[in-house]
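Participant: only geometry, no sequence info:
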């Protein structure tokens with residue numbers, strides 16, 4: 001199953017941090033692990049390699065619904081809302097190869113993506129309801 005993240009408009013909505021000397025960077029993929037104590041996310045990128053995404057209290061975290069074309073209905077979330085399996089677009093500055101310091105992270109939750117890819121009429125519980 002392939003899940004598509006609507007990224008083109010997200011690129012226009014989120015800008016890299018001002019005043020940084022490091023080149024701007026971005027990463028798109030699925031969260032493999034979260035180290036909340038050290039503010040790091042391990043991301044399996046859509047292009048293949050894993051990346052380490054660093055974040056802090058200043059990082060802007062927004063949740064969007066699958067299929068959203070802009071950030072008009074995005075919801076601010078905290079890092080504790082992130083879960084393994086969520087798809088993210090992280091934007092910020094490249095620290096070095098395989099590492100990104102995020103200024104913003106746009107999230108599509110794993111559960112929202114599962115709901116959006118389920119054929120209509122299916123509950124996702126593997127059983128039909130009786131009435």
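Facilitator: Good, I have the coordinates. All values reported here derive from a predicted model rather than from experimental measurement.
Participant: first vs last residue of stretch 36-48, how far apart are they?
Facilitator: Stretch 36-48 has its terminal residues 24 Å apart, counting by CA to CA, to the nearest Å.
Participant: which parts of it are buried?
Facilitator: 39, 41, 43, 45 (16 or more other CB atoms under 10 Å). No exception for glycine: its C-beta is placed from N, CA and C like everyone else's.
Participant: I'd guessed the last one sits against residue 32; true?
Facilitator: No: using CB atoms under 8 Å, residue 45 is not in contact with residue 32; the gap is 10.1 Å.
Participant: how about residues contacting the lengthiest strand in the chain?
Facilitator: Counting residues, the longest strand in the chain under DSSP state E turns out to be strand 24-35. Contacts with strand 24-35, where a contact means CB atoms under 8 Å, 6 or more residues apart in numbering, come from 5, 7, 11, 16, 40-47, 50-51, 53, 79, 82-94, 100.
Participant: make it 6 Å
Facilitator: For strand 24-35, contacts defined as CB atoms under 6 Å, 6 or more residues apart in numbering pick out 16, 41-46, 51, 82, 84, 86-87, 89-91, 93-94, 100.
Participant: adjacent strands (with direction) for it?
Facilitator: Sheet pairing of strand 24-35 (DSSP bridges) gives strand 40-45 (antiparallel), strand 87-96 (antiparallel).
Participant: quick check: buried residues in the longest helix seen in the chain?
Facilitator: When the chain is scanned for its longest helix (criterion: DSSP state H), the result is helix 110-117. Of the residues in helix 110-117, 110, 112-113 count as buried by neighbour count, 16+ other CB under 10 Å.
Participant: angle of it against strand 87-96?
Facilitator: On the basis of axes from the mean of the first three to the mean of the last three CA atoms, to 10 degrees, helix 110-117 is oriented at 130 degrees to strand 87-96.
Participant: with that, I have no additional questions.
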